[in-house]
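Visitor: coords please:
(chains A and B)
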Amino acid sequence: MTYGAGMPASAASQTQAAPDTPSARPVRDGVGLGLAVGVSGVAFGAAAVSSGLTAWQACVLSALAFTGASQYALAGVIAAGGSLLAGTAGAILLGSRNTLYGLRLADVLRPGGDSTSARRWQFLRPLAALGVIDETTAVTLAQPDRRSARRGFAASFITLYLLWNVTTLAGAFGAGHLGSPDEFGLDVVGPAAFLALIWPRLRAGRTERAVALGGAGIALGTTTWLPAGVPIILAAAAALVGTLLARESGQR
Amino acid sequence: MTAIWVAVLVTAGGCYALKLAGVTVPQRVLDRPRVRRFAELVPVALLAALSAAQAVTSGHSFDLDPARLAGMGAALVALAVRAPFLVVIVVAAGTAAGLRAAGVA
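Guide: The predicted structure is shown next:
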């Protein structure tokens, strides 16, 4: 099991984790992000109901789709009176980045060694799959080793799943009685959290920094003229270019 | 009404299937160095893109909200001085909320 090759961020994040015990940090990071982002389910619940979904439809989306961007995309198309087929297709297209995250997380979450843990993984994998989203991926990959990564994944997934569903319910049934999430600065939580969580990777190498800048550039450059969410998926092209170029120059 | 339920359930099923597809990729595919490197870089590209898009855009247009930008600036400062993750988040949200409450931005 070549763990070091699988997680080149290890050195960088370990220097940051210095004051913590190894087991506390992933749980604290995961629960912290889960709480901060999970409350925004209120905004989704309220937006979904005002888009024309019933409260229960909003709740089913949060429970079973469990990926914010796709949920908003479907609600947005329904609100605009667009075709349900196009709305569904767009929402599913947006979910395709979770496939790319899953590709990476499978390598980290899969247990090594004995057949008992391999069997347990067979059993847990369909459940873990539900939790493969932006936030859990970010927390998992920010951890310095495989064990912390699994703990970080579990902590962020459980916290975020419970809170996102409870707050969707609250937002869907209580729409209109709540203050704006912006008042509490919650609109900054997402972008600041994603930046903070890839920060160790950005310190790790020039290729990582170039890929991050490229990804951000692609997204910002195409956001005004492509359907919402597509620019984020296109940003994967920066990772593809980074893979090919770094290989040619012999750099990792 | 029923049509919307179909859309909701197909969306949920499709999103789940895409997640499951990613985590069921056979180990030997990931053992190829190029695939592994690509899988490592994808989250960096996508999360950087999400961070940038959520910071400065809204829907299809650029939206340079002063309080949000100040919050992102505060996050960068906190990261530069190696603040822990949760401190970065609290500083960012607190800066934006504080500026809005004060009516400055």
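
Visitor: give me phi/psi at the residue in chain A that chain B sits nearest to?
Guide: Nearest residue of chain A to chain B: A:G102, at 1.9 Å (C-beta to the nearest C-beta). (C-beta placed from N, C-alpha, C; glycine too.) Main-chain dihedrals, A:G102, degrees, to the nearest 10: phi -60, psi -40.

Visitor: can you name the residue of chain B nearest to chain A?
Guide: When scored by C-beta to the nearest C-beta, chain B has B:G22 as its residue closest to chain A, at 1.9 Å.

Visitor: can you pull out the helices in the stretch 1-150 of chain A?
Guide: A:3-6, A:10-16, A:24-38, A:41-51, A:55-60, A:68-79, A:84-95, A:97-109, A:115-130, A:134-141, A:146-174 (DSSP state H, counting those that start in this stretch).

Visitor: in CSV: those, plus mean pLDDT.
Guide: Conversion of the helices of the stretch 1-150 of chain A to CSV gives the following (pLDDT from 0 to 100):
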stretch, mean pLDDT
helix A:3-6, 35
helix A:10-16, 41
helix A:24-38, 90
helix A:41-51, 86
helix A:55-60, 96
helix A:68-79, 86
helix A:84-95, 86
helix A:97-109, 90
helix A:115-130, 88
helix A:134-141, 94
helix A:146-174, 94
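
Visitor: make TSV from these and add mean neighbour count to it.
Guide: What follows is the helices of the stretch 1-150 of chain A, written out as TSV (neighbours: other C-beta atoms under 10 Å in any protein chain shown):
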stretch	mean neighbour count
helix A:3-6	13
helix A:10-16	16
helix A:24-38	22
helix A:41-51	22
helix A:55-60	20
helix A:68-79	23
helix A:84-95	20
helix A:97-109	25
helix A:115-130	13
helix A:134-141	27
helix A:146-174	21
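
Visitor: between those, which one is closest to A:I198.
Guide: helix A:134-141 (6.8 Å; C-beta to C-beta).

Visitor: by contact count, what packs against that closest one?
Guide: Using 3 or more C-beta pairs under 8 Å, 6 or more residues apart in numbering or on different chains; DSSP states H and E, the elements in contact with helix A:134-141 are helix A:24-38, helix A:97-109, helix A:146-174, helix A:186-204, helix B:33-56.

Visitor: which residues touch the residue of chain B closest to chain A?
Guide: By C-beta atoms under 8 Å, 6 or more residues apart in numbering or on different chains, B:G22 lies in contact with A:N98, A:T99, A:L100, A:Y101, A:G102, A:L103, A:L105, A:A106, A:A129, A:V132.

Visitor: hmm, which two among the residues you listed are most spread apart?
Guide: Taking C-beta to C-beta, no two of the contacts of B:G22 sit farther apart than A:L100 and A:A129, at 13.4 Å.

Visitor: where in chain B is the helix or strand with the lowest mean pLDDT?
Guide: The weakest-scoring helix or strand in chain B, judged by mean pLDDT, DSSP states H and E, is helix B:27-30 (a mean of 83).

Visitor: alright, calling it a day.
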